[in-house]
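Enquirer: Whatever this is, show me its structure:
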Amino acid sequence: MSKHRLGGQTVKLENPPCILSRATIVGKKEGEGPLGEYYDLVLQDDYFGENSWEKAECRMYQEVARMAITKAGKQPQDINYLFGGDLLNQIITANYAARNLGIPFFGLYGACSTLTESLSLGAITISGGYADTVLCVTSSHFCTAERQFRFPLEMGTQRPPTAQWTVTGAGAFLLSNDDKPPYITHITTGKVIDYGITDTNNMGAAMAPAAAALIKAHFEDTQQGPDAYDLIVTGDLGSFGRELLIDLLKKEGYDIADRLIDCGCEIYSREQDVHAGASGCGCSAVVFGAYILKNMEEGLYRRILLLSTGALLSTTSIQQGESIPGIAHAVVIDMNRG
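Expert: Next up, the predicted model:
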């Protein structure tokens, strides 16, 4: 076994990269939520000055990438690789943004797990000595996702209590081999888990088993438990998925309820009526980038386990009666390099 592997799914990075800079952009609804003061830019128009929602999301992606690069005092030509994706078919947001950014590009699709997928691959690339700086970017847009995965907005379709609201937002993270906290020290890569859920309005139930399996594997691989972390952060399980995750892990002997937060439960207030909470590639990206990292820098948290969760469905697979597989990937964010 490689000297850097811990157990079956976890890697301890020999040269942990740091998160040198980050940037977040959100839509108007997200900006009106409880975390509104933390974002770098809040849009007042979901079209972002463009003539389609898809172009608006692409512009968000480009702008948040440029913001993160600028914050680090760098230029696009200084970035070795761009790892990123989105929710749309053929990841068109990331592809078209990469066309304009001019950075060597790896396009990723892990649905809403794409944030930690990109951070994992970017961190491995730097730790292995194959890059000095890597940019990780993900985005989602309520209007583009609804049009693709559910119903045209003009229909005004009723949403059940388990439904979640796709975040309009984008987050960018510039990883570097600099010695500046916080660092990505461990990576746990998830397996595809399918419990047979077929309801596209109950994504939390489809993704929670994958999150539970990943957290259990991480604890076993590292021989640590929940107490090793100040916070365990999931991406977008929503209120129903969060409770299901707690129950699944209790059956395995792990109680994480006192240190678990779900980004999908944090971004909107109850008064905003988003039912079970938020979802989307942008959900964990903007909450982690704007709120969680800010609290780490201020000393509130020293070490967290961040896992984004994804539902690996397509419009075709659902129409053909297929179930919804789930995936989750985790990274350890630590103020100490280890």
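
Enquirer: For this structure, give me the ranges with low pLDDT.
Expert: For the chain, the stretches with pLDDT under 70 are 1, 148-161.

Enquirer: rerun at 80
Expert: Counting by pLDDT under 80, the ranges of the chain that qualify are 1-3, 145-165, 275-276, 318, 338.

Enquirer: Could you chop it up by domain?
Expert: 5-176, 183-334 (automatic domain parsing).

Enquirer: Check whether residue 209 really touches residue 195, as I assumed.
Expert: Yes. Counting by Cβ atoms under 8 Å, residue 195 is a contact partner of residue 209 at 4.9 Å. C-betas here are computed from N, CA, C, even on glycine.

Enquirer: that older thread, columns mean neighbour count on top of the domains of the chain, output as JSON lines?
Expert: Formatted as JSON lines, these follow (neighbours: other Cβ atoms under 10 Å):
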{"stretch": "domain 5-176", "mean neighbour count": "21"}
{"stretch": "domain 183-334", "mean neighbour count": "21"}
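
Enquirer: residue boundaries of the strands in the stretch 201-338 of the chain?
Expert: 231-234, 260-262, 278-279, 303-311, 326-334 (DSSP state E, counting those that start in this stretch).

Enquirer: strands paired with the second one, and their directions?
Expert: As defined by DSSP bridges, the strand partners of strand 260-262 come to strand 231-234 (parallel).

Enquirer: again with the third one
Expert: Taking DSSP bridges as the criterion, strand 278-279 sits next to strand 165-166 (parallel) in its sheet.

Enquirer: which SS state does residue 49 fall under?
Expert: coil (DSSP: H, G, I helix; E, B strand; the rest coil).

Enquirer: That one reaches residue 55, doesn't it?
Expert: No. Between residue 49 and residue 55 there is no contact under Cβ under 8 Å: 9.2 Å.

Enquirer: Give the full set of residues in contact with the nearest residue to residue 191 once chain neighbours are set aside.
Expert: Spatial nearest neighbour of residue 191, excluding adjacent residues (Cβ to Cβ, 6 or more residues apart in numbering): residue 213 at 6.6 Å. For residue 213, the contacting residues are 190, 191, 193, 328, by Cβ atoms under 8 Å, 6 or more residues apart in numbering.

Enquirer: residue contacts, the third one?
Expert: Pointing back at residue 193 there. Residue 193 neighbours (Cβ under 8 Å, 6+ apart): 209, 210, 213, 325, 326, 327.

Enquirer: Specify the beta-bridge partners of residue 309.
Expert: Assigned bridge partners for residue 309, using DSSP bridges, are residue 328.

Enquirer: where along the stretch 101-250 of the chain do the helices fall?
Expert: Assigned by DSSP state H, counting those that start in this stretch, the stretch 101-250 of the chain shows helices spanning 114-127, 142-149, 203-222, 238-251.

Enquirer: Mind putting the strands of the stretch 201-338 of the chain into CSV with distance to residue 97?
Expert: Supplementary listing: the strands of the stretch 201-338 of the chain in CSV, determined by distance: least, Cβ to Cβ, whole Å:
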stretch, distance to residue 97
strand 231-234, 26
strand 260-262, 27
strand 278-279, 21
strand 303-311, 19
strand 326-334, 22
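
Enquirer: To residue 16, which of the ones you listed lies closest?
Expert: Comparison of those against residue 16 by Cβ to Cβ identifies strand 326-334 as nearest, at 7.6 Å.

Enquirer: orientation of that closest one relative to helix 203-222 in degrees?
Expert: 50 degrees (axes from the mean of the first three to the mean of the last three Cα atoms, to 10 degrees).

Enquirer: Is the nearest residue to residue 176 once chain neighbours are set aside in a helix, a strand, or coil?
Expert: Closest residue in space to residue 176, ignoring its immediate chain neighbours: residue 20 at 4.0 Å, by Cβ to Cβ, 6+ apart. Using three-state DSSP, the structure places residue 20 in strand.

Enquirer: I'm done for today, thanks for sticking with me.
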